[in-house]
Structure formats: structure tokens, C-alpha cells
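**Student:** Have a look; sequence and predicted model below, questions after that.
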Number of protein chains: 2
Amino acid sequence: MTLRKNDGVPTISDVAAGARVSRSTVSRAFSRPELINPSTVELVKKIAAGLGYVPNHAARALSTGLHGNIALIVPDIENPFFPPLIRAVQTSADMDGYSVFIGDSDENSAREIKLADRLINQVEGFVLASPRTGQQNIVALNQRRPVVAINRDIRGIPRVLIDPSTGVSDAVAHLAEFGHRTIAYVSGPTASWSDQQRRLALCRAGLKCHIKIRLIAAERPTFDAGVHTVPAVLRSGATAAIAFDDFMAHGLLSGLADHGISVPERFSVIGMDDVLGASTFPALTSVSARCDDAGRIAVQLLMGALRGESADTRSVLRTQLVVRATTGTVSHRKM
Amino acid sequence: MTLRKNDGVPTISDVAAGARVSRSTVSRAFSRPELINPSTVELVKKIAAGLGYVPNHAARALSTGLHGNIALIVPDIENPFFPPLIRAVQTSADMDGYSVFIGDSDENSAREIKLADRLINQVEGFVLASPRTGQQNIVALNQRRPVVAINRDIRGIPRVLIDPSTGVSDAVAHLAEFGHRTIAYVSGPTASWSDQQRRLALCRAGLKCHIKIRLIAAERPTFDAGVHTVPAVLRSGATAAIAFDDFMAHGLLSGLADHGISVPERFSVIGMDDVLGASTFPALTSVSARCDDAGRIAVQLLMGALRGESADTRSVLRTQLVVRATTGTVSHRKM
DNA sequence: GTGAAAGCGCTAACAC
DNA sequence: GTGTTAGCGCTTTCAC
């Protein structure tokens, strides 16, 4: 009965003693069993199982430099865009034998860095989802540990980008078919990569379909912002609106109802990200962002980077219009 | 220029060399600065900052046994019940200086155990949210590392329980005031602790208010299950339904609409967990579960357990009825 | 107040 | 095939 600090949890030495072999043999029985006599392996594993021995990752990491962990940092776990992504990252990482740290930066650049610093010595690499911090910080981090960015286009950093253009252009075409000629874009945080992409895609699609795009700026992408922005949207002369995200779209729906304007009869609305599913009324037509794919691919890229592969991959995910019930034929009555 | 494995990331030795002190001094400058000459501390910290040195938790853990990590295991990250909880856990843990591993068990007992085993040597303790695994597994885990359970009532395991009874009894009283006399409960997974609690609370409230409760069993708590269960609900003679969760309630809403039954004029519906907010139509009356509080308190309990405090705390959170638009005066017309 | 040395649990040459 | 040894980055007696 040795007295040890690591109370209760058996170590490699305990197994070695039990199996009457050296510690290296135990180590190899787990990490490289092919080097060892099968009967020895079996014996070791039996003893280990009996003792409830599980290899200590932290200790292993100290000698190998491999922790078997990755970190995922997101700006806001509660934003419904992220849970599917988190889940996909966790599941994919698990299949590759990695555990995942989760960090919520609370939309805050400094916290993002702080979390990354805290974790840097326990992880093989990082997945930064929609990072809020400056490019130079990401590049610096990448010099210490491989980084994969989601929705941030930085040369030299493997990245997966959700490209709104296909979905948005389908959305515009869809509205054009219904006879709409002027569409309002209710923007999100204008500084964000996502908003820029969406705005750009929309303008391009508008040009192609000969549709006028009116930009309506809203500060924060919230339900309330959507509600409050309705008068401006109506003033713009648009007969349809595409919102930066589903929450704003939902707010628009509510604000329009307050103004007595029925959707889709007198006004059409399209959201983005498709995180509300069919739960709004009427069920919201939206551009789906496939955030789970983004997570899965991010892990693939990270695994590639860990194997020392191509350092500058740029994976672009297309989006897709999901038509539900908030879009319809343009109303020609004056509003 | 020493060649080292831990490429790029500075170690305590680098700082020691830079500051021309011993490694122990650097160590103490970070962990026990009061033992050290303030000017030395300052020097060391300056050098460390310049090098970008961050103490290596994994290495520290090897000698102290303290990793500065906890693990959070949930059955399904995408279930909107959990993101607020995850966020609260991460934020609280961070304030106590802990990083958090996230694991998604996919509603699967075996995966729950597998995740816990993988992590056991890297964490101080576990938060198990709505664990799906057997009680004996949880108890066994708790013998190796402190465990806090959420929504699982096991003696000897610190736990935080979301008690539906206040919210549910308010819900029943609310319906009773509107004249309802028979209420259907559309159940979730009958084996789950949550469903048992909710059913029980409902029956008790029914007794108190002289309301008949009809149990309608549904397998999985999904939107579709809610839709399909509508005929049975109507057959039961109930004029209102309380669903196991908001998704089923939302399904009921949709199914009722399909049957041409308007809500709340001819039928009232109440959900649980309040995860859909006001996004349904009509906006769903629901019993709010305050999952973020549960996460925060779970971390508090875990921190207590780590300090060796009271091993058998049982923290009960009350719930609250949020009245929106799906409840109203009972219709006396025959349906 | 600071340094030297041992050891946390494990892996990885290098022997045999 | 298996054991011996050194060392991963850090903390922690024990000296001085």
C-alpha cells in the first residue's frame, strides 16, 4: 500500500507491478501493442482493467507533446448558429480521438485571446468560430498552434467560409419571380465579415436580376432591431426584405403585423441562417447556413494541419434557400 | 538556440534564463509571489510577458494533481435547453480559473461513460447535465472525481434539480381560472427523471385544483410527436394540453391548426422549458426552466466539492409560468 | 529570498 | 520482446 498523491487513480506503475513487467511494457501494450508479445499485452490489459487504469493524458502529453485535445472558441454559445457547429466539432473530434475545450468569448476580442492563452499548452490546435479578434492575433496564435478559422478569411490560415452568395442569389431570384422589384436588406453588424459577405452577395444578385436593393442599417442583430426597423423598411419602397439573420427577420414579421401588414400577401420576408426552423408564423423562408458542416470540415482541416498538410486551405460552403411561407406574389396595391 | 520539442512555446526555463534566476523563482513568482522579493517578481513577470510565457497547466497538473479543468457532459448540445447551461458553466468556471471540456453524449449512456473516462485524468471534476447513464456509473465516477449532477436526484451526489412543481401548478391554476376542467399531459420519455417530475407535479396540481389530468404517452419529445398526438389529445376530452417540452407543444399547435382548431379560442396549449421564446404563433405560454441558473449553481457546487465541502447538497430551482398567447377561456362548444 | 534536486506519470531512445 | 534510463515543464521540500 503505497501512499500517493494521485489518490485512488492507478498509474502505469501499479499496472506494471501487478503484471510483473516494466512500466515501458505497459506503456507499449497500450500505445504500440504490435511491438509486444500478444500474451503479454493481454495480461497487461487484464490487470489494467482490473485496476481501472486509464492512461493519463496530461502525463503522456508532457513527453509526447500530444495532448489529444483541441479548443473551440465561439463568440456566443447561445446564438443558435453555434450549437450545431459545436456539436459537429465535438463529434468529429471525438472520432479522431480528440477531446474538446469549449470557450465562449462573449463577442469580446480580449476574452478570445485570454481563452486561447489559457488553453494553448493543453491543446494541439484551435478552431476559432467567427473570431472577433484582430487578424494579427489570429496569425500570432497560428504560429504557436495550428488554427482553423470559421467565417474569417485570412491568408495562410486554413479556413472554412460560409458563402451566402448561392442562397442569397436564389432568394433574390425567388422574389423576382414573385414580381418584386425593390428589396430591402436589413443589415447586421456592418463591421462583421458575415454582414459584408451577405450585403455584397445581395447587391450582386440584385444587379443580375435587375432588382433594386435598399440598405437599411440596424445596429445589433436582434428581434427588437427587426421590429424597430420596419418603418424604415416600408419607407424605402421595398416590397420584400431580406434580413441579416432569422431573429431580425422574425422581428420584421412581428413589426409588420403591428402595422397591419400581412405576410406574405402584402410583404415578403426572408431570413438567414435558418435557425428558427418552421417555428415562426408564418413559417420563415430562410437561407440555410449549414453550420454543422462548417464544424465538421473545420475539424478535418485542423487534423490536416496537425499532420503538417497544406497550410492555406480555403473551404467554401454554399448556402441554400429554404422556401417556407413568408414569401409570395408582390402586392401592387399602394401601401 | 536550443532545439526543443515544444516548438515555439516558451517554458519556465526560458523565463528563468531571461531573468537570470532559477526556475523555482519563476515558478514562485507566478504561484506564490508573496514569498519572493517584489522587484524579482516584477522582473520575472516582465520577462515572461515579453516572451509570451503562459504557465503550462498540463505540466503543473503532473506535480500538483490540479489541472484547472472541469468537464461538462450533456446529452444533446443542439437541444435549446442546453446552450444557456453550457454558457453559464463555461462563464462561471472561467471566473474560478477553470477551463471546460464539452462532451455530447448523443443521449447515449455508453458514450457518456466513454467521454468521462477519456477526460478523467485531465479534469478536477464533472458536471453531468441530465445524465442518461445508470446511477451506479455516476456513483462510481464520483468516487474518482467529484461529480455534480443536473436533473438527476442521487443521494450522495451534489445535484441541482429543476423542480417543475411551482411552474406546473401555476400553469394548472392558470388554466383552471380560464374554466378548463380536463387537461391532457403529453408526456416525454417516460423513463426520464424530468418527465416523472413533471407528470407528478401535474397530477398533484390537478388534485389541488380539482382538474382531471389525462396522460397521453408520446415516445420522443419532438415536433412530429406533438403533431401526431393531437387526435389522442382531442379524444381524451381535454380542453387544454400541457406538453413535456416546447417542441411537442409547438407540434400540438401545428396539429391543432391542421384540424381546424384555433388556439387559444377552442383549445389551450402550454409548453415547458420556454426555449422557443415568443417565436411560435400564437406565442407559446410555457413553464420556464432557468437552465442558466442550473449551470451556474452546478459549478458552485463543484467548486465546493473540490474544496472538500458538503458532499450531499441538493439545490432545487423553482420554475415559473410565462403567460403568452396560447391559453384562454375554455370553449364550451362541443368539439 | 533564492537555488538545487527530486519527482509527478508517461514515452522514447537505447540496450540487451 | 522487454527492461533501463533520461527527460517532458512544473512544483516543492530542503538547504543555504
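**Tutor:** It's in.
**Student:** Wasn't A:T166 part of a strand?
**Tutor:** No - counting by DSSP: H, G, I helix; E, B strand; the rest coil, A:T166 falls outside a strand, being helix.
**Student:** the strands in the stretch 101-250 of chain A, which residues?
**Tutor:** Using DSSP state E, counting those that start in this stretch, the strands of the stretch 101-250 of chain A run over A:125-129, A:147-150, A:159-163, A:182-186, A:212-216, A:240-243.
**Student:** so where's chain A uncertain?
**Tutor:** A:1-8, A:332-335 (pLDDT under 70).
**Student:** Get me the contact residues on it for DNA strand C.
**Tutor:** Taking Cβ under 7 Å from any atom of the strand as the contact definition, chain A meets DNA strand C at A:4-6, A:11-13, A:23-24, A:27, A:30-31, A:53, A:55-56, A:59-60, A:62-64. Using the backbone N, CA and C atoms, a C-beta is placed for each residue, glycine as well.
**Student:** Sort out which of the residues you listed are buried, if you could.
**Tutor:** A:11-12, A:27, A:30, A:53, A:55-56, A:59-60, A:62 (16 or more other Cβ atoms under 10 Å in any protein chain shown).
**Student:** Could you chop chain A up by domain?
**Tutor:** Domain segmentation of chain A under automatic domain parsing yields A:12-64, A:69-162+A:291-319, A:164-288.
**Student:** Checking the residue of the stretch 201-335 of chain A at minimum distance from chain B next. Helix, strand or coil?
**Tutor:** Proximity to chain B, evaluated over the stretch 201-335 of chain A using Cβ to the nearest Cβ, is greatest for A:F281 at 2.6 Å. What three-state DSSP gives for A:F281 is coil.
**Student:** Regarding it, what are the backbone dihedral angles?
**Tutor:** Dihedral angles of A:F281 (phi, psi; degrees, to the nearest 10) stand at phi -130, psi 120.
**Student:** What distance do you get for it to DNA strand C?
**Tutor:** Per Cβ to the nearest atom of the strand, to the nearest Å, A:F281 is found 56 Å from DNA strand C.
**Student:** Please apply the same query to A:I73.
**Tutor:** 27 Å.
**Student:** quick check, that residue in a strand?
**Tutor:** Yes - counting by three-state DSSP, A:I73 is part of a strand.
**Student:** Okay, the residue lying closest to it once chain neighbours are set aside and A:E309: tell me how far apart.
**Tutor:** The shortest distance from A:I73 to any non-neighbouring residue, by Cβ to Cβ, 6 or more residues apart in numbering or on different chains, is to A:G103 (4.2 Å). According to Cβ to Cβ, to the nearest Å, A:G103 stands 25 Å off from A:E309.
**Student:** what about A:G18, which SS state?
**Tutor:** Note that with three-state DSSP, the state of A:G18 is helix.
**Student:** what's near enough to touch the closest residue to A:A88 other than its chain neighbours?
**Tutor:** Leaving out its chain neighbours, the residue that sits closest to A:A88 by Cβ to Cβ, 6+ apart is A:G295, at 3.2 Å. By Cβ atoms under 8 Å, 6 or more residues apart in numbering or on different chains, the residues touching A:G295 are A:84-89, A:92, A:127, A:129, A:150.
**Student:** if you set the cut-off to 7 Å instead, what comes out?
**Tutor:** A:85-86, A:88-89, A:92 (Cβ atoms under 7 Å, 6 or more residues apart in numbering or on different chains).
**Student:** Now name the helix or strand holding it.
**Tutor:** Using DSSP states H and E, A:G295 sits in helix A:291-306.
**Student:** Same question for A:S39.
**Tutor:** helix A:38-51.
**Student:** now for that helix, which elements pack on it?
**Tutor:** Other helices and strands packing on helix A:38-51, by 3 or more Cβ pairs under 7 Å, 6 or more residues apart in numbering or on different chains; DSSP states H and E, are helix A:12-19, helix A:23-31.
**Student:** Once you drop chain neighbours, what's closest to the residue of the stretch 151-300 of chain A found nearest DNA strand C?
**Tutor:** Checking the stretch 151-300 of chain A residue by residue against DNA strand C with Cβ to the nearest atom of the strand singles out A:V299 as nearest, at 22.9 Å. Excluding the flanking residues, the one nearest A:V299 by Cβ to Cβ, 6+ apart is A:S92, at 3.9 Å.
**Student:** pretty sure the one you found contacts A:R296?
**Tutor:** Yes - checked against Cβ atoms under 7 Å, the pair A:S92 and A:R296 is within contact range at 4.9 Å.
**Student:** Test my guess that the residue of the stretch 151-300 of chain A closest to DNA strand C contacts A:T91.
**Tutor:** No - applying Cβ under 7 Å, one finds A:V299 not in contact with A:T91, separated by 8.7 Å.
**Student:** Of those two, which one has the most company?
**Tutor:** Per other Cβ atoms under 10 Å in any protein chain shown, whichever of A:V299 and A:T91 has more neighbours is A:V299, with 27 against 18.
**Student:** Around A:E177, how many other residues sit close by?
**Tutor:** For A:E177, the neighbour count with other Cβ under 10 Å is 11.
**Student:** any idea how far A:R145 lies from DNA strand C?
**Tutor:** Following Cβ to the nearest atom of the strand, the distance that separates A:R145 from DNA strand C is 18 Å.
**Student:** any idea how far A:G18 is from A:V299?
**Tutor:** With Cβ to Cβ as the criterion, A:V299 and A:G18 are 37 Å apart.
**Student:** quick one on the thing from earlier: so which of the buried ones among the residues of chain A next to DNA strand C is the closest to chain B?
**Tutor:** Looking across these and measuring by Cβ to the nearest Cβ, the closest to chain B is A:N56, at 4.2 Å.
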